[in-house]
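Colleague: Here is my input; please provide its structure:
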Amino acid sequence: MVTLSSLLLPIVLSAVFVFVASSVIHMLLPYHKNDFAKLPNEDAVLSTLRSADVSPGEYVLPHASGSEERKSPEFQKKLDAGKVAFVTVLPGGQPSMGKSLGQWFVYCLVVALFAAYLTGRVLPAGADYLSVFQVAGTTAFAGFVLALWQESIWYGRPWGNTLKSTVDGLIYALLTAGTFGWLWPA
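Modeller: Residues are numbered from 1 along each chain as shown. The predicted structure follows:
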């Protein structure tokens, strides 16, 4: 068994590598630039949201309060009329990139911590590079990717966007795996 304290360097360094790689992917590579489309008549939609004083949060349209309302002819008519939406509303103003980047880095640390915990429980000190790479990489892949698929399954996120994020997560997992394999205690 390998202790978490002996894995602090690979935990932190892999999080730094993933953070840098994600910055490169999202700022320099063009394949995420079309993840979100512009709404037709965006100004009217924004005006409606503002005039309705919609608070930040997540919403579904149309919304049913319970199973009885969901079965009602009125609600079924709303569904049949078309346009079902899952909407996330954020507060106005410039988004806080500092806060989001800080949270992303903490998330990278948490994924690395889980990879360290599991790999340290499964493999002894001195384990070979490939074994460490496989266990840490599989754990990191699960942490970075698998929950993303639910967004496409349940909320209609385009599978193309999810596939691109899955590729990103695979890159992050490979960086994590490589870092752990490289710095695994002898």
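
Colleague: What spatial separation is found between the spatially most central residue of the chain and Thr166?
Modeller: The residue lying closest to the centre of the chain (CA atoms, centre = their mean) is Leu148, at 5.8 Å. Distance of Leu148 to Thr166, computed by CB to CB, to the nearest Å: 7 Å. Using the backbone N, CA and C atoms, a C-beta is placed for each residue, glycine as well.

Colleague: same thing with Tyr117?
Modeller: Taken as CB to CB, the span from Tyr117 to Thr166 is 23 Å.

Colleague: Likewise for Met97?
Modeller: Distance of Met97 to Thr166, given as CB to CB: 24 Å.

Colleague: So for these two, which residue has more residues nearby?
Modeller: Using other CB atoms under 10 Å, the more surrounded residue of Met97 and Thr166 is Thr166, with 17 against 9.

Colleague: Tell me which helix or strand the more buried one sits in.
Modeller: helix 159-183 (DSSP states H and E).

Colleague: Other residues contacting that helix?
Modeller: Helix 159-183 is contacted by residues 7, 9-10, 13-14, 17-18, 21-22, 25, 31-32, 35, 108, 111-112, 115-116, 119, 129-130, 132-134, 136-138, 140-141, 144-145, 148-149, 151-152 when judged by CB atoms under 8 Å, 6 or more residues apart in numbering.

Colleague: Can you name every helix or strand that the helix or strand hosting Glu68 contacts?
Modeller: Taking DSSP H and E as the criterion, Glu68 maps to helix 67-71. On a contact count with 3 or more CB pairs under 8 Å, 6 or more residues apart in numbering; DSSP states H and E, helix 67-71 meets no helix or strand.

Colleague: Could you count how many residues lie near the closest residue to Arg157 other than its chain neighbours?
Modeller: Leaving aside its chain neighbours, Arg157 sits nearest to Glu151 (4.0 Å; criterion: CB to CB, 6 or more residues apart in numbering). If you count neighbours by other CB under 10 Å, Glu151 ends up with 16.

Colleague: ok, Glu151 to Gly178 distance?
Modeller: Relative to Gly178, Glu151 is positioned 28 Å away (CB to CB).

Colleague: Also Leu79?
Modeller: Distance from Leu79 to Gly178, by CB to CB: 48 Å.

Colleague: Ok, Ser96 next?
Modeller: On the measure of CB to CB, Ser96 and Gly178 end up 32 Å apart.

Colleague: more neighbours, those two?
Modeller: Gly178 (18 against 11).

Colleague: in the protein, which spans are strands?
Modeller: Along the chain, counting by DSSP state E, strands occupy 57-61, 85-89.

Colleague: Ok, which of these comes nearest Val45?
Modeller: Of all the strands of the chain, strand 85-89 sits nearest to Val45, with 9.9 Å by CB to CB.
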